[in-house]
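Chemist: For reference, the sequence and a predicted model appear below.
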Amino acid sequence: MSIDPDATLASELRTTLGHIRDTVVQTAQLVGRVGARLDAFSLELARDVGAVSRDARAFTGTARDQATTIKRATPRAVKLAKTGAAILAKQRWLRLHAVARGHEGLQPDDHRELAKRVTAAAAELRGGIAKLGQLASCRPDLVGPVWATELAALQDEVPPVDTALIKARIESELGRPLADLFASFDDEPLAAASLAQVHAATLHDGTRVVVKVQVPGIEDIIEADIAALRLIANAIGDVPGIDLQTLVAELSRALAVELDYIAEAAALRAFVSPTALAPAPIASASSKRVLTMTRIDGERLTGWLDRAEPEMRDRLLGQLVGEVAEQILVRGHVHADPHPGNFLVTSRSGEPQLAVLDFGCTLSLDKTERAAYARLVLAIAGGNHAGAAAELTALGFIADDPDQLVELTKSLIGAMRPGAAVSDIDWEHAVADQLAKAKQLGGLTIPRSFVLLGRVLATLAGLLAKYKPRIQLHALIAGHLARAIA
């Protein structure tokens, strides 16, 4: 007897909606007991849940229309729907209690509880959902510091996959027994991420390596996640300050590249830096879904920064700023997955040395783009409003009000003005100012390159905001700016 996956999806979603309706009834009864001053909120809650129910039914219909895209991942779609419904119900419940306590909206503790639930759900779901959470954790300016802090756990706290499955995938991919490939292979993973798992191993010639293995079945999960994100972006439409369509399209492209370890091995070989180290790929023990690399021993960047002496910490953060600036402005080969777990601090001749890991997500900038970004920084640093607007347009930024776009950019680049000391900047005010300006923007379109580049800059800004090194960004990047426009 065969089972129709579309019918299963519809049945599961109807059951989920039934649970939501039961929650609404119970919540409405509680609202009635709380008092007349919450009547308006009760009506709003009922309208919201009604809209959610209609949207869920519409999603069911659209999912059937796109069956060729997500049919193989029907259980995944059902799980996403159930998880989203449960989080939505919790959000409404917390909001109800906030209003009952006399607050207009959710309080910081409410956001923290929601963020913890979302983080736990994303870690369990893995795939594109966990990756999206990782991206969001690097953008406190968009999601807020509470959410960014909680979502940061997705960088390295994803549950590991059974090592037996990992070993089976290695042997299947490379066509040889594990014992023929490695003299030793650690069962305990060094790291478990949303798309892959990393294990330490030793080659038969004694070389110490790490083996990055794609999680079995992750390809189908990513396909379903991207389809769902596209549906959500289409349903939501325009959001002031956020170009959802471009974000989803770029996430889709980045994930496709990140699943190709042949491309990542090529990116590792192409990485040449005077200041930072990177692993070397081992071609004989690698494939599209398995990547073996030389091992670099070191301490995670944030842990090292937390215990380092101020002078040494400032020196290393200056090194990091210079490395990122050279990638963007000179080499045009940008490491675009810059969360702290992908940076190590090792030692060279007794001095701290930056090491960069995980080249699954990279960005290429041609000479024209590099020069335009350099001129943009110089225009804003020099107070050239018209020049900044022209460079933004040349790069592909579009907004209904170009002046507001320039103002937003000024808040991002202000720290790069000559003489501006990182340690003297009020980062909390700067982020709040950026967020306020972003909310005012209408008709915003961002270039593809800035989806990933913005993530790199935001992550770097987060580190500078936390540690407040006594460095001047302009002094560190001036030479790179000049080379970019030469």
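Modeler: Now that the structure is in, tell me what you want to look at.
Chemist: only C-alpha atoms for contact and neighbour calcs from this point on.
Modeler: OK.
Chemist: hmm, who's touching stretch 260-268?
Modeler: With contact meaning C-alpha atoms under 8 Å, 6 or more residues apart in numbering, stretch 260-268 is reached by 257-258, 278-281, 286-291, 359-362.
Chemist: And the average pLDDT for stretch 391-411 is what?
Modeler: Across stretch 391-411, pLDDT averages out at 79.
Chemist: Can you give me the neighbour number for the residue nearest to residue 129 when sequence neighbours are not counted?
Modeler: Computed as C-alpha to C-alpha, 6 or more residues apart in numbering, the closest residue to residue 129 that is not its neighbour in sequence is residue 122, at 5.7 Å. Applying other C-alpha atoms under 10 Å, we find 24 other residues in the vicinity of residue 122.
Chemist: same question, residue 164
Modeler: Residue 164, neighbours per other C-alpha under 10 Å, totals 9.
Chemist: Surely it is within a helix?
Modeler: Yes - assignment of residue 164 by DSSP: H, G, I helix; E, B strand; the rest coil places it within a helix.
Chemist: Report the separation between it and residue 185.
Modeler: 12 Å (C-alpha to C-alpha, to the nearest Å).
Chemist: Surely the residue nearest to residue 129 is in contact with residue 116?
Modeler: No - counting by C-alpha atoms under 8 Å, residue 122 stays clear of residue 116, with 9.9 Å between them.
Chemist: Off-centre distance for the strand or helix carrying residue 464?
Modeler: Element membership for residue 464, per DSSP states H and E: helix 448-467. When C-alpha coordinates are averaged (C-alpha atoms, centre = their mean, to the nearest Å), helix 448-467 and its chain have centres 11 Å apart.
Chemist: What mean pLDDT does the very next helix or strand once past it get?
Modeler: Using DSSP H and E, the helix or strand that directly follows helix 448-467 along the chain is helix 473-485. In this model, helix 473-485 carries a mean pLDDT of 93.
Chemist: Residues in contact with helix 473-485: which ones?
Modeler: Against helix 473-485 from outside (C-alpha under 8 Å, 6+ apart): 318, 321-322, 325-326, 329-330, 367, 370-372, 374-375, 415-422.
Chemist: how many neighbours does residue 377 have?
Modeler: 23.
Chemist: how about the one helix or strand it maps to: buried residues?
Modeler: For residue 377, the host element (DSSP H and E) is helix 367-381. Residues 369-381 are the ones in helix 367-381 that count as buried (16 or more other C-alpha atoms under 10 Å).
Chemist: Neighbours of the nearest residue to residue 420 once chain neighbours are set aside, how many?
Modeler: Nearest in space to residue 420, with sequence neighbours left out and distances taken as C-alpha to C-alpha, 6+ apart, is residue 472 at 5.9 Å. Residues lying near residue 472 (other C-alpha under 10 Å) number 18.
Chemist: Residue 472 pairs with what?
Modeler: Beta-bridge partners recorded for residue 472 (DSSP bridges): residue 421.
Chemist: And it, how far from residue 478?
Modeler: 10 Å.
Chemist: swap in residue 88?
Modeler: For residue 88 relative to residue 478 (C-alpha to C-alpha), the value is 48 Å.
Chemist: do the same with residue 418
Modeler: 9 Å.
Chemist: go on, residue 191?
Modeler: Counting by C-alpha to C-alpha, the gap from residue 191 to residue 478 is 37 Å.
Chemist: swap in residue 133?
Modeler: Distance from residue 133 to residue 478, by C-alpha to C-alpha: 34 Å.
Chemist: Spell out, range by range, the strands that occur in the protein.
Modeler: 184-185, 191-192, 196-202, 208-214, 276-277, 290-294, 299-300, 333-335, 343-348, 351-356, 362-364 (DSSP state E).
Chemist: strand partners of the second one, parallel vs antiparallel please.
Modeler: According to DSSP bridges, the neighbouring strands of strand 191-192, each with its direction, are strand 196-202 (antiparallel).
Chemist: And for residue 109, the neighbour number?
Modeler: Count around residue 109 with other C-alpha under 10 Å applied: 11.
Chemist: Sorry, wrong one. I was asking about residue 353.
Modeler: Neighbours of residue 353 using other C-alpha under 10 Å come to 18.
Chemist: next one: the one 3 residues further on
Modeler: For residue 356, the tally of surrounding residues (other C-alpha under 10 Å) stands at 20.
Chemist: quick thing: my sequence starts at 175, can you match it?
Modeler: All right, first residue 175 from here; so that's residue 530.
Chemist: isn't residue 322 right up against residue 311?
Modeler: Yes - with contact defined as C-alpha under 8 Å, residue 322 counts as touching residue 311 (4.1 Å).
Chemist: So the two - more neighbours on which side?
Modeler: Just comparing residue 322 and residue 311: by other C-alpha under 10 Å the higher neighbour count belongs to residue 311, 28 against 22.
Chemist: Help me confirm that the more buried one comes into contact with residue 320.
Modeler: No - in this structure residue 311 lies outside contact range of residue 320 using C-alpha under 8 Å: 9.6 Å.
Chemist: Residue 630 versus the nearest residue to residue 375 once chain neighbours are set aside, what's the distance?
Modeler: Among residues not flanking residue 375 along the chain, residue 359 sits closest, at 4.3 Å (C-alpha to C-alpha, 6+ apart). Distance of residue 359 to residue 630, given as C-alpha to C-alpha: 33 Å.
Chemist: So those two - more neighbours on which side?
Modeler: residue 630 (22 against 19).
Chemist: dump the residue contacts of that one.
Modeler: When contacts are counted by C-alpha under 8 Å, 6+ apart, residue 630 touches 510, 511, 512.
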